[in-house]
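Trainee: What would the 3D arrangement of this be:
(2 chains)
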Number of protein chains: 2
Amino acid sequence: MAGKQADIEESLTFTPKFGADGLITAVATDAKSGDVLMVGHMNEEALRKTIASGEVWYYSRSRKALWKKGETSGHVQRVVEVRIDCDQDALWLKVEQQGAGACHTGRRSCFYRVVPLGKSSAAALEFRDAEKRFDPAKVYK
Amino acid sequence: MAGKQADIEESLTFTPKFGADGLITAVATDAKSGDVLMVGHMNEEALRKTIASGEVWYYSRSRKALWKKGETSGHVQRVVEVRIDCDQDALWLKVEQQGAGACHTGRRSCFYRVVPLGKSSAAALEFRDAEKRFDPAKVYK
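Mentor: Residues are numbered from 1 along each chain as shown, chains lettered A, B, ... in the order given. From the prediction side, this is the model:
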């Protein structure tokens, strides 16, 4: 293995690797249940603000803007722990989700549909934990 | 909200959204502990093979090749459940990790370092759950 790769993997130097689009993938899980709440993206500023403040900031690819999670909804994510992976191109955020849920559709998690196994990719999804905890129309005015 | 977006979010039609690079992000968690094991990427073929076989296939961006997790190491990931997120551009795989670990560095998870909070981005990482479960030099000959 090249020295550089080993440095990234075994070093305690934080060298987050942002993609060509300037973003790094961030997976937020519920610190208690372990459920994946959402997969977001951070630019360098969002990551810096998250580490400094202990509340999660993302970068919205659709809106092309820095975005504090919960700034409109109040559904802030308090950081319990941040980890980085072996090649330092992905982050795992263990969070305490404030408010009713993480998903803008009103659910606790963005992952509320199951892909059936052993079938073709054309098989229908199945709702799972898809109960709406809040009304998006009221929260996002 | 536009009809199309609502369709993607509320429909049971599986319409995974691959990026410009033809890939979709896949987060693998340990089905029992909830720990994030790794963040990988799938092209359409890797996703199809995963759904059909119940074992996880990824697409390696560095090697530019389809790749069955565990094909060399034996550390296969058996799929317990696959979920897709609201905008259908990320997958959550709950897996039973076979063998000693998911990470090619020898750890159980690729996320074996913590980023300290409330400090600057230049602060040193801290090892956490970083015990090596296998010797990569022996497993990857």
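
Trainee: Which elements pack onto the longest helix seen in chain A?
Mentor: Ranked by number of residues, the top helix in chain A under DSSP state H is helix A:44-53. When contacts are defined as 3 or more Cβ pairs under 8 Å, 6 or more residues apart in numbering or on different chains; DSSP states H and E, helix A:44-53 packs onto strand A:57-60, strand A:65-68, strand A:77-84. Any C-beta I mention is one placed from the backbone N, CA and C, and that applies to glycine too.

Trainee: Show me the strands paired with the second one, marking each as parallel or antiparallel.
Mentor: In this case it means strand A:65-68. strand A:57-60 (antiparallel) (DSSP bridges).

Trainee: Which residues does the partner strand contact?
Mentor: Residues from elsewhere that reach strand A:57-60, judged by Cβ atoms under 8 Å, 6 or more residues apart in numbering or on different chains: A:23, A:26, A:40-43, A:45-47, A:49-50, A:65-69.

Trainee: I'd say A:E9 and A:D85 touch.
Mentor: No - here A:E9 does not reach A:D85: they are 9.3 Å apart, not a contact under Cβ atoms under 8 Å.

Trainee: Compare neighbour counts for the two and give me the winner.
Mentor: A:D85 (24 against 20; other Cβ atoms under 10 Å in any protein chain shown).

Trainee: I figured that one hits B:R107, correct?
Mentor: No - between A:D85 and B:R107 there is no contact under Cβ under 8 Å: 10.1 Å.

Trainee: before we move on, back to that, show the buried residues in the contacts of strand A:57-60.
Mentor: Buried members of these, scored by 16 or more other Cβ atoms under 10 Å in any protein chain shown, are A:23, A:26, A:40-43, A:46-47, A:49-50, A:67-69.

Trainee: and which of those is nearest A:R113?
Mentor: The closest of the buried ones among the contacts of strand A:57-60 to A:R113 turns out to be A:G40 (Cβ to Cβ; 18.3 Å).

Trainee: What residues does that closest one make contact with?
Mentor: A:T25, A:A26, A:A28, A:V56, A:Y58, A:Y59, A:K69.

Trainee: How far does the helix or strand encompassing it sit from its chain's centre?
Mentor: Assigned by DSSP states H and E, A:G40 falls within strand A:36-42. Distance of strand A:36-42 from the chain centroid (Cα atoms, centre = their mean, to the nearest Å) equals 2 Å.

Trainee: That strand - what's its average pLDDT?
Mentor: Average pLDDT, strand A:36-42: 98.

Trainee: and what of stretch A:15-25?
Mentor: On average, stretch A:15-25 scores 96.

Trainee: what does it rub up against?
Mentor: A:8, A:39-44, A:47, A:59, A:61, A:84, A:87-91, B:25, B:39, B:121.

Trainee: Show me which positions of it end up buried.
Mentor: Buried residues in stretch A:15-25 (16+ other Cβ under 10 Å): A:L23, A:I24, A:T25.

Trainee: cool, stretch A:134-141 as well?
Mentor: A:F134, A:P136, A:V139.

Trainee: can you tell me which of the residues you listed lies nearest to B:V80?
Mentor: A:F134 (28.7 Å).

Trainee: got a list of what the closest one touches?
Mentor: A:S73, A:G99, A:A100, A:G101, A:G106 are the contacts of A:F134 under Cβ under 8 Å, 6+ apart.

Trainee: Next: A:L66.
Mentor: Contacts of A:L66 (Cβ under 8 Å, 6+ apart): A:N43, A:E45, A:A46, A:K49, A:W57, A:Y58, A:Y59, A:S60.

Trainee: Apply 6 Å and report the result again.
Mentor: A:E45, A:A46, A:Y59 (Cβ atoms under 6 Å, 6 or more residues apart in numbering or on different chains).

Trainee: Quick check: the gap between the second one and A:T15.
Mentor: Which is A:A46. 17 Å (Cβ to Cβ, to the nearest Å).

Trainee: Contact residues of chain A facing chain B?
Mentor: Within reach of chain B by Cβ under 6 Å from any Cβ of the partner chain, chain A has these residues: A:9, A:12, A:14, A:25, A:27, A:34, A:36, A:39, A:48, A:51, A:54, A:82-86, A:90, A:92, A:103, A:105, A:110-111, A:113-115, A:117, A:121, A:124-125.
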